[in-house]
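>>> Build me a model from this:
(2 chains)
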Amino acid sequence: MPAPLRRYAAPAAALLLALTACSGGDEQRPVARPAPSSTAPSSSATTPTTTPTAPPTGGTAEEPVVLPPEVQLLDWRPVPGSVDDTVTRSGDWTLTVNEAGTRAELEGPDSSSGYGSSDERISDAFIDGQYAVVVFQDKQETRPNRAEVTNLANGRGFTVDGSSEIPTTTGGSWALGQGRLLHATVDKGSYCLASVDLATRRSTRGWCAPARHGFNSARITPAGDSLLTFDDSQPACRTVVSVSGSDVQSFPGVPECQGWDGLLVDGGAAWSVIPKENQIETAHFYARSADGYFDLGLGTSGSLTWCADAAYFVRDPQRDGDPAALMRWSPDDGLAVTYRSPGGQAFLSEPRCGGDTMTVTALAERGDEQVSATLR
Amino acid sequence: MPRPRTIAIGAFALLLAATPFIPRGGGDDASLRPSGQEEYGALAATAGAGRVTPDLQAEIDRVVAEGLAVGRLSGKQTTDALAAGLVRCADFEGQRYCLNSGWTEATQTQVQARTAVAARTIAARPSEAGSATGDLDVLATLRRQATLSPTARATAERAELTRAARSVAKVWLLRHQVEGVPLPDGFLERHPEARASAPVAARSSASASPSPTPTTTTTRTRVKHQIDYPERRVILRPRHTAEQRRTYWCGPTTMQMIAWGWQDERKGQGHWADKLGTTSNGTAISDMVRVVNSSTGWDRRDHAGPYITLDIGDYSFRRWTLLTMRHIVDYRAPLVLHPVLRKRYYPYLDDDASGHFQVGRGYDKRGDKPTRISYFEPWNQQRFDPSEPFIGRLQWRSAYKSYRANEAHFQHNIGV
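Modelled structure (predicted):
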């Protein structure tokens, strides 16, 4: 682990005030009128509906419209190999990280390659149809992270590490998308975000966190970049922000200090808040589009993922016997259940986007499974 | 009346008549439990420490002698040789205890094999453990034992086996109460420490001013099911929590919180690190159990009885949850949770970490919603990594996720 870096502290009174002001109630909220449904039986799979439906009308930030989910199960196919491995499919490509997190295998239609070393472990692995990126971290977490980037079109690769134009740092959040790679860097003592243009291999330094603040949960979507920023108070005051160059802007409509996940969509955003700090894994998801604010319901904190043209997040079973589910939201199609786990007790790990392919891993009493589906 | 219908009615009548004699479901709700509950009418909720009988002593001597026959070892030997030499098992009245592992229903060969595989993996890839938060990994455990002289190792093994032998009644009771295993004939005669009316043994180190109220031992017991337990129960005070001050001190911090809950007095993590024999490689669960027994009163007969390291590898989720409820409600004592701290089980984490210790202190059945457990989490990721936000020490979470994280640990055991 890196040496302690103490650099935060919001006034406790202000934080208490903010938390008090932000505590949510259980009051009734307006519910969206269900759109014409393409509901499928839970046991069958359907392709996403293409039937044009009017986008649901949203509410206000204070009274978002509750979106009841439709069931639009995707055509999920089993992923070969052990469920203990973490696999991300991307069309004909497969990126597999072994259970120990020590080795990654990239397999394509005509080639395969491996990554790994004895004194490092893999902290992140991404593939998006154009590039594959495997991020390594040394065991003691004393050296800057190292990312091996592979261009899937020609097999050429390069490294982003502590000796790069904008150096990496120890740990921190990584994201791949839109031909760019986001990572953390330290510049003159400040903790900053850096962006690598993968085609030109040029890096630029972006926003730097103020003193006693940090960030993680970097996300890239066609609508822009986003982060979770936080201070060093206990509990932390967490703010979901959009990032543009060296500027950040808080997501509108997110209760102060309660944010966790966040990503941008055209004309809006999706995010989550933590209603109870002593249930840090249970988040409440919301979204905003040109049509207003929506309440997407409960989900697992840290699971919000952009893939193809929609936001996805994971939901634990809400009742005994319910399956765990992969939820999808987009401004045009609203909220849908796209995957249901085998029954009994169950949960899903963080969904993994491979450009136009989604992979999920379900851990369930009635059998674990790792499956993928093409999204478009 | 047609003949087939007569036969069917007769068979149905026979079935009804025989129903009272069919064994009913046991501790796992779906499994069988022993009939003849009257036999166990005098059982206590748990057993105190028993005496070492000549038979138990003979088994201890046998296993220790096997270790002496192995001779001098070193940390440089193959992992297979270390596992075979150091992970030996004793049969105490039909219950198996394996050195450096705990109480298990697996065979000695199975325990040695899985230990060797885990150790081999770590030896081949030093980064296997990820960010180590303080659970002593299997390779470090074996190497620690291997560096001892044969005599010193025999002394340590004799002490470990003696502690185990004295807790065999607790193991039988747990298997009976949670797993529905019938108690052997003459159990109460051999183990008066398991009788409801047995006197509470005086304790030395931990008898001073315990904060919890005494347990009322039952005069009649029966196998309890989840439905028999209250909807929600917690123990320990949320203010008795702390975050680990060193990356490898999850053991001392877990111990600090467990002891703090008993004595209402906070002792430093360094104090507990010394008692646990913690090194920069971490803490062994066998040491956690040993120090809970020696330094708190949670092991008293009116609480959990002597803590043991119990293999839950073959436990269903329902059984694991029943064990938790029994511990919180009947024992009113904390559990030493032993999960692997990986993102797949703890989604708020930024990185995968190692085996880990937490304090189990409550549950909530939540009606028709999935059960949650409450625990104290010593790991504050923010303390060691500025890219991660603060997480509170008191947490509630899906019991099934914690069960899977416990099962995913190669030792899949727990301190109860």
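>>> With only the CA atoms kept, save stretch B:348-366 in PDB.
C-alpha atoms of stretch B:348-366 as PDB (Å, rounded to 0.1, in the frame of the first residue of the first chain):
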ATOM      1  CA  TYR B 348     -16.800  -1.000  -2.800                       C
ATOM      2  CA  LEU B 349     -13.200  -2.000  -2.800                       C
ATOM      3  CA  ASP B 350     -10.800  -0.400  -5.200                       C
ATOM      4  CA  ASP B 351      -8.400  -3.400  -5.300                       C
ATOM      5  CA  ASP B 352      -8.400  -7.000  -4.500                       C
ATOM      6  CA  ALA B 353      -6.800  -7.800  -1.200                       C
ATOM      7  CA  SER B 354      -5.900 -10.800   0.900                       C
ATOM      8  CA  GLY B 355      -7.500 -13.100   3.400                       C
ATOM      9  CA  HIS B 356      -8.900 -10.900   6.200                       C
ATOM     10  CA  PHE B 357     -10.500 -10.800   9.700                       C
ATOM     11  CA  GLN B 358     -13.700  -9.000  10.700                       C
ATOM     12  CA  VAL B 359     -15.900  -9.000  13.800                       C
ATOM     13  CA  GLY B 360     -19.300 -10.600  13.200                       C
ATOM     14  CA  ARG B 361     -21.800  -9.000  15.500                       C
ATOM     15  CA  GLY B 362     -25.400  -9.200  14.200                       C
ATOM     16  CA  TYR B 363     -27.900 -10.200  11.600                       C
ATOM     17  CA  ASP B 364     -31.300  -9.000  10.300                       C
ATOM     18  CA  LYS B 365     -33.600 -11.500   8.700                       C
ATOM     19  CA  ARG B 366     -35.600  -8.700   7.100                       C
END
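>>> Quick check: buried residues in it?
Neighbour counts over stretch B:348-366 (16 or more other C-beta atoms under 10 Å in any protein chain shown) mark B:348-365 as buried. Placement of C-beta: from N, CA and C, glycine included.
>>> With stretch A:128-147 instead?
In stretch A:128-147, counting by 16+ other C-beta under 10 Å, buried: A:128-139, A:141, A:143-147.
>>> ditto for stretch B:68-81
Under 16+ other C-beta under 10 Å, the buried positions of stretch B:68-81 are B:70, B:73, B:77, B:79, B:81.
>>> Please see if that stretch touches chain A.
No: if you take C-beta under 8 Å from any C-beta of the partner chain as the test, stretch B:68-81 misses chain A, and the best it gets is 15.3 Å.
>>> so what's residue 156 up against?
Just so you know, I chose chain A. Counting by C-beta atoms under 8 Å, 6 or more residues apart in numbering or on different chains, A:R156 touches A:T150.
>>> Actually, chain B is the one I wanted.
So B:A156 contacts B:145, B:148 (C-beta under 8 Å, 6+ apart).
>>> Need the contact partners of stretch B:396-404.
By C-beta under 8 Å, 6+ apart, stretch B:396-404 touches A:276, A:278-279, A:281, A:316, A:345-347, A:363, A:365, B:317, B:320-321, B:324, B:337, B:339, B:345-346, B:362-364, B:370-375.
>>> Any of these buried? List them.
A:278-279, A:281, A:316, A:345-347, A:363, A:365, B:317, B:320-321, B:324, B:337, B:339, B:345-346, B:362-364, B:370-375.
>>> I'd guessed B:G48 sits against B:A304; true?
No: in this structure B:G48 lies outside contact range of B:A304 using C-beta atoms under 8 Å: 10.4 Å.
>>> the more surrounded of these two?
B:A304 (29 against 25; other C-beta atoms under 10 Å in any protein chain shown).
>>> can you narrow the buried residues of stretch B:348-366 to ones near chain A?
B:348, B:350-352.
>>> List just the nearest of the residues you listed to A:A218.
Distances from A:A218 to those, taken as C-beta to C-beta, are shortest for B:D350 (11.4 Å).
>>> wait, what's in contact with that closest one?
A:171, A:173, A:216, B:343, B:381, B:385, B:387-388.
>>> Lowest pLDDT pick from those?
Least confident by pLDDT among the contacts of B:D350: that is B:D385, with 77.
>>> any idea how far it is from chain A?
Look at B:D385 and chain A: by C-beta to the nearest C-beta, to the nearest Å, they are 5 Å apart.
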